[in-house]
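Q: Provided below for reference: sequence and predicted model.
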Amino acid sequence: MLGKRPNITQSEYLGLGIQIAASMVMPLLLGVWLDRKFELTPWLTIAGAIFGIVSIFAIIFKIAYMANENSKNEREERKKRENLD
């Protein structure tokens, strides 16, 4: 087990989960803290939640774009290999 290299896919999914969770929790907590500090409840909390949701969508679109690019590259490589045969 010590000599085994961790599965890259598992690491990527773990990082993705942490990134999505942090993208929602951090702005939300900041909004709660600012609401308490400036007594504007609930407006900054709502703004933090909206910012978190928008950032999650940005992450999802980025992942979809990267997956699409990887798929295109794989198809091009497969076509090149087929043409060589």
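A: Structure received.
Q: Kindly list the longest helix within the protein.
A: helix 43-84 (DSSP state H).
Q: and the residue nearest the centre of the chain, what does it touch?
A: Centroid-nearest residue in the chain: residue 59, 3.9 Å away (criterion: CA atoms, centre = their mean). Applying CB atoms under 8 Å, 6 or more residues apart in numbering, we find residue 59 in contact with 16, 19, 20, 23. (Glycine included, C-beta is placed from N, CA and C.)
Q: one step back: just give me how far the longest helix of the chain sits from the chain centre.
A: Taking the mean of its C-alpha atoms, helix 43-84 sits 9 Å from the chain's own mean (CA atoms, centre = their mean, to the nearest Å).
Q: same check, this time on stretch 13-23
A: Worked out by CA atoms, centre = their mean, stretch 13-23 lies 6 Å from the chain centre.
Q: got it, and stretch 31-41?
A: 27 Å.
Q: outside of it, which residues touch it?
A: Here stretch 31-41 has contacts from 42, 43, 44, 45, 46, 47, 48, 49, 51, using CB under 8 Å, 6+ apart.
Q: Surely the fourth one and residue 28 touch.
A: Yes: Residue 45 is in contact with residue 28 according to CB atoms under 8 Å; the separation is 6.8 Å.
Q: that older thread, pick the one among the contacts of residue 59 closest to residue 77.
A: residue 16 (24.7 Å; CB to CB).
Q: Quick check: chain neighbours aside, which residue is closest to that closest one?
A: residue 63 (7.1 Å; CB to CB, 6 or more residues apart in numbering).
Q: tally of neighbours for that neighbour?
A: 14 (other CB atoms under 10 Å).
Q: can you tell me which residues contact residue 27?
A: Counting by CB under 8 Å, 6+ apart, residue 27 has contacts 48, 49, 51, 52, 55.
Q: Mind doing that once more with 6 Å?
A: Applying CB atoms under 6 Å, 6 or more residues apart in numbering, one finds that residue 27 lies in contact with 48, 51, 52.
Q: what's the spacing between the closest residue to residue 26 other than its chain neighbours and residue 80?
A: Leaving aside its sequence neighbours, residue 26 sits nearest to residue 52 (CB to CB, 6+ apart; 7.4 Å). Distance, residue 52 to residue 80, by CB to CB, to the nearest Å: 42 Å.
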